[in-house]
Each structure stands twice: as C-alpha cells, then as structure tokens.
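[1] give me coordinates for this.
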Amino acid sequence: MLSITPVYAALIGLLFLGLSANVVRMRFKHRVSVGDGGSQDVIKAMRAQANCAEYAPITLLLVAMAELQGGPAWLVHLLGALILIGRSLHAYGFGRTPQIVLLRKNGMYLTFAALLLSAVSNIALAF
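    Got it, this is the predicted structure:
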C-alpha cells in the first residue's frame, strides 16, 4: 500500500492546479479563448503548466513503484521531495518576468535527478 507517494502526488496536484489557474487568468487578461492568441504571457503560462504535466506523471509513477517494491521510506521521501521542489522551482523561475534562470535551471536539475534516481532505484529494487 502506498502511504508516502500520495502526499507528494497531492502537493504536485496543487502546484498543477495553481499553474492551470494562471493559464485561465492569462487567457482572461488577454482575452484569448483558444490557443495563445500570440500573447507571450499566455504562451509562458501554458508552457509552465505543460512542462509540469510532461515531467511530473512519469516521475511520480516511478516513485510509487519504488514505494510498492518496498523501497525505504527515506528514499521515497527523497525522490518525492526532489520532484516537488524541482517542479516548484522551475515553475516559479520560468513564470517570472524576467525569468529567474537560476531557479528554472536548478528546478530542471532536480527534476532530472528525481527522474534518473527513480528509474535507477526501481531497477535496483527489482533485483
């Protein structure tokens, strides 16, 4: 049974909800119903949301599988924290004008670390 991963999944879900609300806010602000309307603000909001949607699900799935395989709690917390902090830093750095490149870059590093370590952990736990 999963007891740790759902907490990180829920927190990332809240992050995604915030990013989605920002897309809606930008659409209203720039009066864009479909697509990006050529607005850089709408494009940025859409990409911040989409970027989270591209990385969070596969990484959370791998974290859950590590937990289901009996990975130690410290490992599951580490993997969950890496993806949560990584996605949060990236979204914040990317969403600012001007962008905070250091936060965006470090967010990607943490996200890639979470993805890589989750994948390797699952392979190790399977053997």
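[2] buried residues in stretch 14-30, which are they?
    Within stretch 14-30, the residues scored as buried using 16 or more other CB atoms under 10 Å are 15-16, 19-20, 22-23, 26-27. Bear in mind the C-beta positions are built from the backbone N, C-alpha and C, glycine included.
[3] swap that for stretch 82-89, please
    Going by neighbour count (16+ other CB under 10 Å), the buried part of stretch 82-89 is 82-84, 86-89.
[4] same thing with stretch 36-43?
    By neighbour count, with 16+ other CB under 10 Å as the criterion, the buried positions of stretch 36-43 are 36, 39, 41-42.
[5] repeat for stretch 92-103
    The neighbour-count criterion (16+ other CB under 10 Å) identifies 92-95, 100, 103 as the buried residues of stretch 92-103.
[6] next SSE downstream of the host helix or strand of Val7?
    Using DSSP states H and E, the secondary-structure element containing Val7 is helix 5-30. Note on helix 5-30: by DSSP H and E, the next helix or strand toward the C-terminus is helix 40-68.
[7] just to revisit the earlier point, quick check: the two most widely separated of the buried residues of stretch 36-43?
    Within the buried residues of stretch 36-43, Asp36 and Asp41 form the most distant pair, 9.0 Å apart (CB to CB).
[8] contacts only, for the closest residue in space to Gly71 that isn't next to it in sequence.
    Setting aside the residues directly before and after it, Gly71 is nearest to Leu125 in space (CB to CB, 6 or more residues apart in numbering), at 5.5 Å. By CB atoms under 8 Å, 6 or more residues apart in numbering, Leu125 lies in contact with 66, 69-71.
[9] for Leu125, give its distance to Pro72.
    Summarising the geometry, the distance separating Leu125 from Pro72, computed by CB to CB, to the nearest Å, is 10 Å.
[10] doesn't Ala114 make contact with Leu82?
    Yes - in this structure Leu82 lies within contact range of Ala114 using CB atoms under 8 Å: 3.7 Å.
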